[in-house]
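Student: Sharing a model that was predicted from the sequence below.
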Amino acid sequence: MRILFIRHGQTASNVGHQLDTGFPGAPLSPTGLAQADTLPERLREEPIEVVMTSDLTRARQTGEPLAKSKGVPLITNPGVREIFAGDWDMSVDWQDYVNIIASWQNPSNLDRGMPHGDTGHSFFRRYDAAVGEMVGYGCAAIVSHGGALRTWLGVRGDLELDRDPTAVLSNTAVVTVEGEPGDWRILDWAGHQIR
């Protein structure tokens, strides 16, 4: 199967460099809404059969124009939410958060987590389950979040994010993946062909 993983559009929290990981989260800014409106044209050749978004406001708003243009179901699923920062939510100091999620590239660190937030085990369990719900579709789109996408794709897609300059994901960037659970292959990372 083919999955197009899409980062949500811009929010005021992005602009303010806030670690916005809780529910319901910030809505899209006017720029973010305009970015979401470009997705139908950018992905017009993709035979998308379903659009899944996280249940955070910005992800749902990003996925709505795409689902509408394709005439396909829009499913919200909390499993593809951002990695929850717990007590650090809305902080502008990201370093400890980034260090912890980067450490999850090593399976021995999956029990590490944010205070009252996600651990590696809880994050991968929910994200794997949500992606697994797309099995059976030929082509699906999943609208999610920067930290969650980089982390999940870095482990499940076998991309060495700390060494790969293409790993930056701007708002509404698309990562194209093919395969099945346990065997995902990243084909394109935000316009950079991988394979």
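Tutor: Yes, it's here. Residues are numbered from 1 along each chain as shown.
Student: From now on I want contacts and neighbour counts done on CA atoms only, so please keep to that.
Tutor: Noted.
Student: pLDDT-wise, which helix or strand of the protein ranks last?
Tutor: None of the helices or strands of the chain scores lower by mean pLDDT, DSSP states H and E than strand 192-193, at a mean of 84.
Student: ok, what's across the strand from the residue sitting nearest the centre point of the chain?
Tutor: With distances taken as Cα atoms, centre = their mean, residue 144 lies nearest the centre of the chain, 3.0 Å away. Counting by DSSP bridges, residue 144 forms beta bridges with residue 7.
Student: going forward, begin numbering at 284 instead of 1
Tutor: Let's use 284 as the start, then, which means that last one is residue 427.
Student: Hmm, it is touching residue 366, no?
Tutor: No. Using Cα atoms under 8 Å, residue 427 makes no contact with residue 366, being 10.3 Å away.
Student: Flag the shaky bits of this protein, pLDDT-wise.
Tutor: 443-450, 478 (pLDDT under 70).
Student: Which stretches in it count as helices?
Tutor: Secondary structure of the chain, counting by DSSP state H: helices at 295-298, 313-325, 340-353, 378-386, 403-415, 429-439.
Student: mind listing what's buried in stretch 388-395?
Tutor: For stretch 388-395, the neighbour count (16 or more other Cα atoms under 10 Å) marks 388, 392, 393 as buried.
Student: What of stretch 430-444?
Tutor: For stretch 430-444, burial by neighbour count (16+ other Cα under 10 Å) applies to 430-440, 442, 444.
Student: Now distance to residue 382 too, for those, in CSV please.
Tutor: CSV is the format used below for those (distance: Cα to Cα, whole Å):
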residue, distance to residue 382
430, 12
431, 14
432, 16
433, 13
434, 12
435, 15
436, 17
437, 14
438, 15
439, 19
440, 20
442, 17
444, 13
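Student: ok, those residues vs residue 468, which is closest?
Tutor: residue 440 (5.5 Å; Cα to Cα).
Student: for the closest residue in space to residue 323 that isn't next to it in sequence, what are its contacts?
Tutor: Counting by Cα to Cα, 6 or more residues apart in numbering, residue 349 is the residue found nearest to residue 323 once chain neighbours are left out, at 5.0 Å. Residue 349 makes contact with 319, 320, 322, 323, 334 under the criterion Cα atoms under 8 Å, 6 or more residues apart in numbering.
Student: these two touch, right, the last one and residue 358?
Tutor: Put plainly, it is residue 334. Yes. Using Cα under 8 Å, residue 334 is in contact with residue 358, at 6.2 Å.
Student: more neighbours, these two?
Tutor: Between residue 334 and residue 358, residue 334 has the larger neighbour count (other Cα atoms under 10 Å), namely 26 against 16.
Student: Specify the beta-bridge partners of that one.
Tutor: Applying DSSP bridges, one finds that residue 334 bridges with residue 357, residue 424.
Student: residues contacting it?
Tutor: 346, 349, 350, 355, 356, 357, 358, 423, 424, 425, 426.
Student: please redo it, this time with the cut-off set to 10 Å
Tutor: For residue 334, the contact set (Cα atoms under 10 Å, 6 or more residues apart in numbering) comprises 286-288, 343, 346-347, 349-351, 353, 355-359, 417, 422-426.
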